[in-house]
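S.K.: Okay, sequence plus prediction incoming.
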Amino acid sequence: MRAQGGSERAAGNTGRERLRRGPWLAALLLAAVGSAGAGGAERPAAPGFSLAELAVGAHRDPGNAERNRYRHPVETLEFFGLRPDSHVVEIWPAGGWYTEIIAPYVNERGQYYAAHWDPESDSEFVRRAVERFRAKLAAHPELYGNAKMTVLMPPDKWEMAPEGSADLVLTFRNIHNWMPRGYAAEMFAAAYRALKPGGVLGVVEHRGDPDVPQDPKAASGYVNEDYAIQLAEAAGFVLEARSEINANPADTKDYEGGVWTLPPTLRKKDEDRAKYLAIGESDRFTLRFRKPADGVR
């Protein structure tokens, strides 16, 4: 942590202690570092914590770090190019699974924007979700003190960050939520506006079966990879790279209850529970797009 005074050093020490608490931390940290592979030495070093430390830190909500084996956060964020000095937007962070890693990583030298739902929504569910997220940030000021919240709530609230200010805009499993509401194209356009010329849009989504035509409402929760690429390119983005970091070939994508049949939702409760736990979380595509350096669509 930046050391400019006794109180700030104390806050930094407190933050590191929070990360190190918990009898399971050492084993999980070893697992996370091991999964990073030989390329780990090339990662930019954060002034406070590495991505691997944050991914298994004791500050995370119970059970979140255990899902790293499905979501591969260290490798995913490295693929998107996250750096300690990045200005990064996370679209609809919900409960903050990725927030717990991204926001502390950029807290000192970069900027984290949580483009969340509307705290003044007519929906009690939405208002409570935003309240819980705010409470999460407030509980660890030493980790999240620089984080900012914006309101991204169609049909009339679209500014996820100041226009042209973000190095990265990241969205995790959100396209299927936008499609049935009819504003997927507008969401990609809003991400384009928020990014600097040359900035990166990182996308993770449940991958549909390419042999099955895309349901425009994405009722199953699955989105065909080519369909997502079309949406991004229509907004002006250029596909730069694909990754199989979050692939899961065991996912058959043909469940009556859609993707929510799999963990963590387990829609069928105890029915065939062992079967779906054995499959794990869904097969997901991971795509990196870039806004052209000249900013011209």
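M.R.: Everything's here; your move.
S.K.: Quick one: residues in contact with stretch 263-282.
M.R.: If you take Cβ atoms under 8 Å, 6 or more residues apart in numbering as the criterion, stretch 263-282 is touched by 67, 69-71, 206-207, 221-222, 248, 250-253, 257-262. Where you see a C-beta, it was placed from the backbone N, CA and C, and this is true even at glycine.
S.K.: Likewise for stretch 69-76?
M.R.: Under the criterion Cβ under 8 Å, 6+ apart, residues 32, 35-37, 51-52, 55, 68, 97-98, 101, 202, 204, 243, 245-246, 248, 263, 280-281, 286 lie in contact with stretch 69-76.
S.K.: could you give the mean pLDDT of it?
M.R.: Averaging pLDDT along stretch 69-76 yields 98.
S.K.: Could you list the buried residues of the helix or strand hosting Met187?
M.R.: With secondary structure defined by DSSP states H and E, Met187 is part of helix 184-194. Residues of helix 184-194 classed as buried: 184, 187-194 (neighbour count, 16 or more other Cβ atoms under 10 Å).
S.K.: What of stretch 228-235?
M.R.: Quick answer for stretch 228-235 (16+ other Cβ under 10 Å): 228-229, 231-232, 235.
S.K.: before we move on, what about stretch 208-221?
M.R.: Of the residues in stretch 208-221, 208, 214-215, 218, 220-221 count as buried by neighbour count, 16+ other Cβ under 10 Å.
S.K.: between the residues you listed, which is closest to Ile175?
M.R.: Using Cβ to Cβ, Ala218 is the member of the buried residues of stretch 208-221 that lies nearest Ile175, at 7.3 Å.
S.K.: Contact partners for the closest one?
M.R.: 175-176, 179-180.
S.K.: next one: Leu82
M.R.: Taking Cβ under 8 Å, 6+ apart, we find Leu82 in contact with 51, 88, 102, 105-106, 168.
S.K.: Filter these down to the buried ones.
M.R.: By 16+ other Cβ under 10 Å, those give 51, 88, 102, 105-106, 168 as buried.
S.K.: Give me the subset of the residues you listed that lies in helices.
M.R.: Filtering the buried ones among the contacts of Leu82 for membership in helices, criterion DSSP state H, returns 51, 102, 105.
S.K.: now the helix or strand harbouring Arg288 against helix 184-194, angle please.
M.R.: Using DSSP H and E, Arg288 falls within strand 284-290. Angle of strand 284-290 versus helix 184-194, following axes from the mean of the first three to the mean of the last three Cα atoms, to 10 degrees, is 40 degrees.
S.K.: partner strands of strand 284-290, parallel or antiparallel?
M.R.: Applying DSSP bridges, strand 284-290 is found paired with strand 195-206 (antiparallel), strand 238-243 (antiparallel).
S.K.: Out of those strands, which gets nearest to Arg128?
M.R.: Comparing the strands paired with strand 284-290 by Cβ to Cβ, strand 195-206 comes nearest, at 25.0 Å.
S.K.: Convert the C-alpha atoms of the closest one to CSV, please.
M.R.: Coordinates of each C-alpha in strand 195-206 appear next as CSV, following Å, rounded to 0.1, in the frame of the first residue of the first chain:
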residue,chain,number,x,y,z
LEU,A,195,-14.0,3.5,-23.5
LYS,A,196,-11.0,5.4,-24.5
PRO,A,197,-9.9,5.0,-28.2
GLY,A,198,-8.0,1.7,-28.1
GLY,A,199,-9.8,0.5,-25.0
VAL,A,200,-10.9,-3.1,-24.4
LEU,A,201,-14.3,-4.6,-23.9
GLY,A,202,-14.0,-8.0,-22.1
VAL,A,203,-17.0,-10.4,-22.4
VAL,A,204,-17.8,-13.7,-20.6
GLU,A,205,-21.1,-15.4,-21.3
HIS,A,206,-22.8,-18.8,-21.2
